[in-house]
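Trainee: output the structure for:
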Amino acid sequence: MTYFADLGPYPPAEPLDPDVLAYLIEEGEEDLDAEVVWADLRTVGWLEPEHRFPTGPVDPAFVSLLGWLVTHRQVVGTRGAHSCRLPGCAPEQRPAGTRVLIDGASVLLGRAEVRVGATEGTGYAAPTLIHHYVTAHGYQPPAEFVAAVLAERPTRGH
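Mentor: Numbering: from 1, shown residues only. Next up is the predicted model:
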């Protein structure tokens, strides 16, 4: 996967590859949404092992809502599968993505993004692997991103 610094500008999005969409639907990701666009889109959670990242506790409500987002609101399919490359993850999982359990459901991460934020203004783009980074590696996303995810609660009935 590509590294982007937290809260940096997001590069221009590319259209969803039809083969990636077909694979996601085959894998049970039929809730894939159309791309969401903000005037100011910022990157969060694009981690690579050679770059340090903040760690620490996160609100359990944030983790729960983040799990819902990566399960139900994936956008912008990636080019191929991306798996966790951080220390402690099994290399044999890397070609196929990273599969995790979220609320009892098996979810394939590393093939799309999630986006949150205000309808207009600043938004945040994160790889679906962000859930794994938070839960398995202690990644502590920026407070602005956490607040944006928590603000999803009233509109999503979670």
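
Trainee: please make it C-alpha for all contacts and neighbour counts, starting now.
Mentor: Noted.

Trainee: list of residues touching stretch 101-112?
Mentor: For stretch 101-112, the external contacting residues (Cα atoms under 8 Å, 6 or more residues apart in numbering) are 20, 24, 27, 67-68, 70-71, 74-84, 97-100, 127-129.

Trainee: now do the buried residues in it.
Mentor: Under the neighbour-count criterion of 16 or more other Cα atoms under 10 Å, stretch 101-112 has 102, 107, 108, 109, 110, 111, 112 buried.

Trainee: circling back: and the contacts of stretch 101-112, which are buried?
Mentor: Buried by 16+ other Cα under 10 Å: 20, 24, 67-68, 70-71, 74-78, 81-84, 97-98, 127-129, out of the contacts of stretch 101-112.

Trainee: pretty sure residue 48 contacts residue 86?
Mentor: Yes. Under the criterion of Cα atoms under 8 Å, residue 48 makes contact with residue 86 at 6.6 Å.

Trainee: overlap in contacts, these two.
Mentor: Residues touching both residue 48 and residue 86 (Cα under 8 Å, 6+ apart): none.

Trainee: which element, helix or strand, includes residue 146?
Mentor: helix 143-150 (DSSP states H and E).

Trainee: what packs against that helix?
Mentor: helix 60-72, strand 113-117 (3 or more Cα pairs under 8 Å, 6 or more residues apart in numbering; DSSP states H and E).

Trainee: and the contacts of the last one?
Mentor: For strand 113-117, contacts defined as Cα under 8 Å, 6+ apart pick out 36, 69-70, 73-78, 123-128, 145, 148-149, 152.

Trainee: so which of the buried residues of stretch 101-112 sit within helices?
Mentor: The members of the buried residues of stretch 101-112 all map outside helices under DSSP state H.

Trainee: can you report how many residues neighbour residue 113?
Mentor: 23 (other Cα atoms under 10 Å).

Trainee: beta partners of it?
Mentor: When assigned by DSSP bridges, residue 113 has beta-bridge partners residue 75, residue 127.

Trainee: any idea how far it is from residue 148?
Mentor: 15 Å (Cα to Cα, to the nearest Å).

Trainee: could you do residue 100 as well?
Mentor: The gap separating residue 100 from residue 148 is 23 Å, by Cα to Cα.

Trainee: please enumerate the strands of the protein.
Mentor: Listed in chain order, the strands of the chain (DSSP state E) span residues 40-43, 98-102, 105-109, 113-117, 122-127.
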